[in-house]
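> sharing a model prediction with you, sequence too.
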Amino acid sequence: MSDQATITRFLQTVPMFEGLQEKQLQRLAKRFTERSYGAGEAIVTQGTLGIGLFIIESGKVDAIRQHPDGSKTTVNTMGKTEFFGELSLLDDAPRTASVIAVEPTQCLVLTQLDFISVLHEDSDISIIMLKELAKRFRRLMDNM
């Protein structure tokens, strides 16, 4: 999926980017890189600093939270068009969970630095994305 037109079309299917115009999606598409992970491979590790947002192009992942007593809980299973790491676009805090590829997985990755650069070019993108993040947070809180 390496060409920008294909990435732009894929971004149109990602809930986080609903409401963005074609030009805004194109601007974002230029900043994403692709990464592949094998089954069982850690994509991000709880407690480490995040590099940015991951969107699953294909495959499946588990988000796993390790508790202070050493026990682990799978907090979410995600597949195509789902995303994680969105908080690291906004802050420099450590990851709240590990994300492990359950099967071979391909992700698009947007670093915090690239995200901020895009926001300097078009600040309306942040408003639309923050609304989607707020919806996601509310759903999470409703499930607790």
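Yes, it's here. Numbers count the residues shown, from 1 in each chain.
> what's the one helix or strand residue 26 maps to packed up against?
Using DSSP states H and E, residue 26 falls within helix 22-29. Here helix 22-29 touches helix 4-11, helix 112-121, helix 124-142, going by 3 or more CB pairs under 8 Å, 6 or more residues apart in numbering; DSSP states H and E. From N, CA and C alone the C-beta is placed, and that goes for glycine too.
> let's see it at 7 Å
helix 4-11, helix 112-121 (3 or more CB pairs under 7 Å, 6 or more residues apart in numbering; DSSP states H and E).
> adding mean pLDDT and mean neighbour count, write these out as JSON lines.
Formatted as JSON lines, the helices and strands packed on helix 22-29 follow (pLDDT from 0 to 100; neighbours: other CB atoms under 10 Å):
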{"stretch": "helix 4-11", "mean pLDDT": "95", "mean neighbour count": "17"}
{"stretch": "helix 112-121", "mean pLDDT": "92", "mean neighbour count": "14"}
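> out of these, which gets nearest to residue 104?
Across the helices and strands packed on helix 22-29, the minimum distance to residue 104, taken as CB to CB, is reached by helix 4-11, at 17.5 Å.
> now do that closest one against helix 22-29, angle only.
Orientation check (axes from the mean of the first three to the mean of the last three CA atoms, to 10 degrees): helix 4-11 against helix 22-29 gives 110 degrees.
> go ahead and report the secondary structure state at the residue of the chain most remote from its centre.
The C-alpha centroid of the chain is most remote from residue 69, which lies 27.9 Å away (CA atoms, centre = their mean). Residue 69 carries the three-state label coil when classified by DSSP: H, G, I helix; E, B strand; the rest coil.
> any idea how far it lies from residue 55?
From residue 69 across to residue 55, the span is 32 Å (CB to CB, to the nearest Å).
> do the same with residue 68
Counting by CB to CB - residue 68 and residue 55 are separated by 31 Å.
> which one of those two has more residues nearby?
Shown here are residue 68 and residue 55; by other CB atoms under 10 Å, residue 55 has more neighbours (25 against 5).
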